[in-house]
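Colleague: Okay, here's the prediction I keep looking at, along with the sequence it came from:
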Amino acid sequence: METHPNSRLIKFHALVPKFHFPNRRALKSFIARIFDLENVSFESLHCIFCTDEYLLEINKTHLSHDYFTDIITFNLAEDGPIVGELYISTDRVRENAGDLKIAFRTELLRVIFHGVLHLCGYGDSTPTQKKQMRAIEDKYLNLYTTK
């Protein structure tokens, strides 16, 4: 089990066959850095990589939504440091990357950062919020890929 300094835990779980994210240690460290840069304390973050069908069932059960999505973010802490779960459909990320004509890895990073930003308090329900969210995602994508 890998932990970040101050006993903060970031863990990846693959529920899809043959899924492996390269440079996991560097990505986990960068995710912790996002929380630090956003001045948000967290205790743990679990990133669960799953299929469309798995995430659809979560969407129906917990959010009463009957449609595919690329990510669902939960903060399980009632107060205090974040205890987060990111459920990410690798099927949806792959399809979106193809539609956008970008690399799967780039879209996956964007989706992960998107979920982390939700945990940091950013929304995306209005056009203004969506524009702000995209700008911050871009900032962290650029920071991560140029480090």
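Modeller: Arrived safely.

Colleague: so where do the strands sit in the chain?
Modeller: 3-4, 8-14, 42-50, 71-75, 82-89 (DSSP state E).

Colleague: among the ones you listed, which gets the worst mean confidence?
Modeller: Of all the strands of the chain, the minimum mean pLDDT falls on strand 3-4 (a mean of 40).

Colleague: Below-threshold pLDDT in this structure: ranges please.
Modeller: 1-7, 147 (pLDDT under 70).

Colleague: Can you tell me which helices and strands the lengthiest helix in it packs against?
Modeller: In the chain, taking DSSP state H as the definition, the longest helix is helix 127-145. Counting contacts by 3 or more C-beta pairs under 8 Å, 6 or more residues apart in numbering; DSSP states H and E, helix 127-145 packs against helix 24-37, helix 104-119. (Each C-beta comes from the backbone N, C-alpha and C, glycine too.)

Colleague: buried residues in the last one?
Modeller: The neighbour-count criterion (16 or more other C-beta atoms under 10 Å) identifies 107-119 as the buried residues of helix 104-119.

Colleague: ditto for the shortest one
Modeller: Of the residues in helix 24-37, those buried by neighbour count under the rule 16+ other C-beta under 10 Å are Leu27, Lys28, Phe30, Ile31, Ala32, Ile34, Phe35.

Colleague: Number of residues surrounding the spatially closest residue to the second one that is not a sequence neighbour?
Modeller: By that I understand Lys28. Leaving aside its sequence neighbours, Lys28 sits nearest to Ile10 (C-beta to C-beta, 6 or more residues apart in numbering; 4.2 Å). With neighbours defined by other C-beta atoms under 10 Å, the count for Ile10 comes to 23.
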